[in-house]
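Asker: Would you be able to build a 3D model of this:
(chains A and B)
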Amino acid sequence: MTMGFSGGQADDEALVAAVRGGDADAVASLVDRHSSAMIRVAMAYVPTRATAEETVQETWIAVLRGIDRFEGRSSLKTWIFRILTNVAMRAGPRERRSVPFSALAAREDSGEPTVDPDRFLPADHEHFGGHWLIMPTAWPTPEEGLLAGETRGVIATAIAGLPVAQRTVIALRDVEGWSSEEVCDALEISAGHQRVLLHRGRARVRQAIEDYHGAVVEIDYDAVTAQLMGETSREGD
Amino acid sequence: MMADQHAHSDEEDLGCVAFVELVTDYLEGALPDAEARRVEQHLGTCPGCTEYLEQLRAVAGSLKGLTDESFPPEMRDGVISDFRDSQKG
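Answerer: Down below sits the predicted model:
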């Protein structure tokens, strides 16, 4: 049996009822739908892939044995991820690393610029302070989008190289397709932190794609200024 | 010409340095109305930031399904058989 659950409240109720009724197909559908995201989140708390997988396994067993305690006050997804976080936090200390996600988020919110400041004119530039010196140029994007061809590998490598909180947020939002509310609920972070992490992560992926294409154009502001000012500005020199 | 409009904008222009840090808040609809208007005003005059916005939008919109963190099949089957066993008990 294939169940097209999309995660709404009615779906939650139907799914929970099916699991409570002993429907193993419903369990399989639930496990297949959430395990990928659960591994991503577990990886933020535990140091190895193997421990993350064990954490997910232990979480499923706890979820299924405790399904009668689900009261529908949060979404089923939020409830599952809360259990995952608890299991992961317990697993963490055994392997010397377990920090609440909000602490990771705060650590990665450095406030540093996400675009190299050298790409802009200095703030005190005569006419164009704070504007692009080296503009982003259009990518030669194939019709199938960024994931076609070699760019796919570039993007995957860039995401894998992100600090863990940024990597987790971009993976849940953009790879798994979660809403911002779902990410905030599952990771127990504020909407503001979620946006900062997403912003930093996406900016680094964008930069990696640009570095790969290698096409950037430096603007000749002297020419622009000369054109704008014409003879008038030259009189002042 | 973008620079011409920069120079003659009624309200003080946001500037590209500020824009690139607001772009995700803008895409997420998290900016107050006045701030969103400044962003849009800037976009109307700046091809560089318009391209930057489009690229971040492309990044955001094209990653779905990039990778799948697959749960090992033997663990998946273990979870399901544990469930079946618990139903018998």
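Asker: switch to C-alpha atoms for all contacts and neighbour counts from now on
Answerer: Noted.
Asker: Show me how chain A divides into domains.
Answerer: Chain A is divided into the following domains under automatic domain parsing: A:9-98, A:117-235.
Asker: and the last one, how far out from the chain's middle?
Answerer: To tie it back to what came earlier, the one meant is domain A:117-235. Distance, stretch centre to chain centre, for domain A:117-235: 15 Å (C-alpha atoms, centre = their mean, to the nearest Å).
Asker: Give the rounded mean pLDDT of that domain.
Answerer: Mean pLDDT, taken over the full extent of domain A:117-235, equals 87.
Asker: And for the residue of chain A found nearest chain B, nearest residue in space, chain neighbours not counted?
Answerer: Nearest to chain B, among the residues of chain A, is A:Val175, at 4.0 Å (C-alpha to the nearest C-alpha). By the measure of C-alpha to C-alpha, 6 or more residues apart in numbering or on different chains, the closest residue to A:Val175 outside its immediate chain neighbours is B:Lys64, 4.0 Å from it.
Asker: ditto for A:Pro140
Answerer: Leaving aside its sequence neighbours, A:Pro140 sits nearest to A:His213 (C-alpha to C-alpha, 6+ apart; 8.0 Å).
Asker: I'd like the distance between that neighbour and A:Ser35.
Answerer: 34 Å (C-alpha to C-alpha, to the nearest Å).
Asker: Can you pick out the residue with more neighbours from the two?
Answerer: Using other C-alpha atoms under 10 Å in any protein chain shown, the more surrounded residue of A:His213 and A:Ser35 is A:Ser35, with 22 against 14.
Asker: tell me what the helix or strand containing A:Arg202 is packed against?
Answerer: If you go by DSSP states H and E, A:Arg202 is part of helix A:191-213. With contacts taken as 3 or more C-alpha pairs under 8 Å, 6 or more residues apart in numbering or on different chains; DSSP states H and E, helix A:191-213 sits against helix A:101-108, helix A:151-160, helix A:164-170, helix A:180-187, helix B:16-27, helix B:47-62.
Asker: Include distance to B:Cys46 when you put the domains of chain A into JSON lines, please.
Answerer: Shown next, in JSON lines, are those (distance: least, C-alpha to C-alpha, whole Å):
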{"stretch": "domain A:9-98", "distance to B:Cys46": "38"}
{"stretch": "domain A:117-235", "distance to B:Cys46": "9"}
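Asker: now check stretch B:23-38, is it near chain A?
Answerer: Yes. Stretch B:23-38 is in contact with chain A by C-alpha under 8 Å from any C-alpha of the partner chain, via B:23-25.
Asker: how about those in JSON lines, adding neighbour count and pLDDT?
Answerer: Below are these laid out as JSON lines (neighbours: other C-alpha atoms under 10 Å in any protein chain shown; pLDDT from 0 to 100):
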{"residue": "B:Val23", "neighbour count": "21", "pLDDT": "97"}
{"residue": "B:Thr24", "neighbour count": "24", "pLDDT": "97"}
{"residue": "B:Asp25", "neighbour count": "17", "pLDDT": "97"}
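Asker: Identify, from those, the entry nearest to chain A.
Answerer: Checking these against chain A by C-alpha to the nearest C-alpha gives B:Thr24 as the nearest, at 5.5 Å.
Asker: Is that closest one in contact with A:Arg200, as I believe?
Answerer: No. Contact status for B:Thr24 versus A:Arg200: not in contact, 9.1 Å apart, counting by C-alpha atoms under 8 Å.
Asker: Looking at residue 86 now. What's its pLDDT?
Answerer: Because you didn't say which chain, this covers chain A. In the predicted model, A:Asn86 carries a pLDDT score of 93.
Asker: oops, chain B please
Answerer: 90.
Asker: and the gap between it and chain A?
Answerer: The gap separating B:Ser86 from chain A is 8 Å, by C-alpha to the nearest C-alpha, to the nearest Å.
Asker: tell me the contacts of that residue?
Answerer: B:Ser86 sits next to A:Arg65 when contact means C-alpha atoms under 8 Å, 6 or more residues apart in numbering or on different chains.
Asker: Okay, and it sits in which element?
Answerer: Element membership of B:Ser86, judged by DSSP H and E, is helix B:73-88.
Asker: Any idea how far that helix is from the middle of the chain?
Answerer: For helix B:73-88, the distance between its averaged C-alpha position and the chain's averaged C-alpha position is 38 Å (C-alpha atoms, centre = their mean).
Asker: Can you point out the buried residues in it?
Answerer: Of the residues in helix B:73-88, those with enough neighbours to count as buried (16 or more other C-alpha atoms under 10 Å in any protein chain shown) are B:76, B:79-80, B:83.
Asker: circling back: correct me, but the residue nearest to A:Pro140 touches A:Thr137?
Answerer: No. Because the distance of 9.7 Å does not satisfy C-alpha under 8 Å, A:His213 is recorded as not touching A:Thr137.
Asker: coming back round to it: for the helix holding B:Ser86, C-alpha coordinates in PDB please.
Answerer: Extracted C-alpha coordinates of helix B:73-88, given in PDB (Å, rounded to 0.1, in the frame of the first residue of the first chain):
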ATOM      1  CA  PRO B  73      18.100  -1.000   4.600                       C
ATOM      2  CA  GLU B  74      19.000  -3.400   7.400                       C
ATOM      3  CA  MET B  75      18.200  -0.800  10.000                       C
ATOM      4  CA  ARG B  76      15.000   0.200   8.300                       C
ATOM      5  CA  ASP B  77      13.900  -3.500   8.200                       C
ATOM      6  CA  GLY B  78      15.000  -3.900  11.800                       C
ATOM      7  CA  VAL B  79      12.700  -1.000  12.800                       C
ATOM      8  CA  ILE B  80       9.800  -2.500  11.000                       C
ATOM      9  CA  SER B  81      10.300  -6.000  12.300                       C
ATOM     10  CA  ASP B  82      10.600  -4.600  15.900                       C
ATOM     11  CA  PHE B  83       7.300  -2.900  15.300                       C
ATOM     12  CA  ARG B  84       5.700  -6.200  14.000                       C
ATOM     13  CA  ASP B  85       7.100  -8.000  17.100                       C
ATOM     14  CA  SER B  86       5.700  -5.400  19.400                       C
ATOM     15  CA  GLN B  87       2.200  -5.800  17.900                       C
ATOM     16  CA  LYS B  88       2.300  -9.500  18.700                       C
END
